[in-house]
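> Next input, structure requested:
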Amino acid sequence: MLVEVIVQNGEEAVQAEKLGADRLELVSAMSEGGLTPSHGTIQQVLNSVSIPVQVMIRPHSHYYNYTVDDMAIIRYDIEHVRKLGGQGIVFGALDHENKINEKLLKEVIAVSSDLDITFHRAFDEAPSQIEAYKTLLNYRETIKRILTSGGQSNCEQGKGKLKELVTLAEETKGPEILPGSGLTPDNIETIHQTVAANQYHFGKAMRKKHSFAEKFDEQAFLKVKNTDK
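So this is what the prediction gives:
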């Protein structure tokens, strides 16, 4: 079972790798739900670890349907990630009906066709996660996984839909499902028994006091890494 964790800087990235993280999601402004980190932070993290790093590409937290000006920023940030040696990004875009915005997605892929893309939890805002998945299936060569809580506020509430999505991904050989939101060392085993995903995404539950202001909790990592053994 692959474990992805959120990090905010190089120090956290090094600690997460030492504790057993398999992949990192690098973000800033967790109080806003996660935004694009600074270029200096991206470089620091990429130079600090050997495990894969997925860099959040999200210029603001206002909405997921980006303007022309937003897209100019997004393209610049993606190009900079590539120049720094980054190999993965996290991105998502919706249209005014909250369906996958294929026009914007194609623009991003045109800039980042050589990168590994995670489509983020904008996916959970779609009216139908199954239909949204079928849309993203058309971009499986670039979009490797979808971060989702099954259309619900957390994975516990969305575990039924997550299982359905995992099965669909296996049947279609499309983007893998990366369950995330509300996962903890205490509930991962029961959720995994239902969902049976190959990978999971953890946030503040892997930290002391369950706060992004705190360091990682070694015991939390041990408990999660021992799941499904």
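
> Touching the host helix or strand of Asp70 from outside, list them.
In the assignment (DSSP states H and E), Asp70 maps to helix 68-83. Applying C-beta atoms under 8 Å, 6 or more residues apart in numbering, the contact partners of helix 68-83 are 36, 39, 42, 55, 57, 59-60, 66, 89, 91, 104, 107-108, 111-112, 114-115. Where you see a C-beta, it was placed from the backbone N, CA and C, and this is true even at glycine.

> now Val49: how far from Leu136?
As judged by C-beta to C-beta, to the nearest Å, Val49 and Leu136 stand 28 Å apart.

> Have a look at the two and say which one is more surrounded.
Between Val49 and Leu136, counting by other C-beta atoms under 10 Å, Leu136 is the more crowded of the two (23 against 20).

> and the host helix or strand of the more buried one, what does it pack onto?
Taking DSSP H and E as the definition, Leu136 sits inside helix 129-136. When contacts are defined as 3 or more C-beta pairs under 8 Å, 6 or more residues apart in numbering; DSSP states H and E, helix 129-136 packs onto strand 143-148, helix 155-172.

> Each with direction, which strands does the first one pair with?
Each strand paired with strand 143-148, and its direction, by DSSP bridges: strand 116-119 (parallel), strand 176-179 (parallel).

> Got the confidence number for Lys229?
What the model reports as pLDDT for Lys229 is 61.

> Need the winner for burial among the helices and strands packed on helix 129-136.
Neighbour counts (mean count of other C-beta atoms under 10 Å) averaged over each of the helices and strands packed on helix 129-136 peak at strand 143-148, with a mean of 24.

> circling back to that earlier point, show me how far the helix holding Asp70 is from its chain's centre.
Put simply, helix 68-83 sits 18 Å off its chain's centre (C-alpha atoms, centre = their mean, to the nearest Å).

> With that, I have no additional questions.
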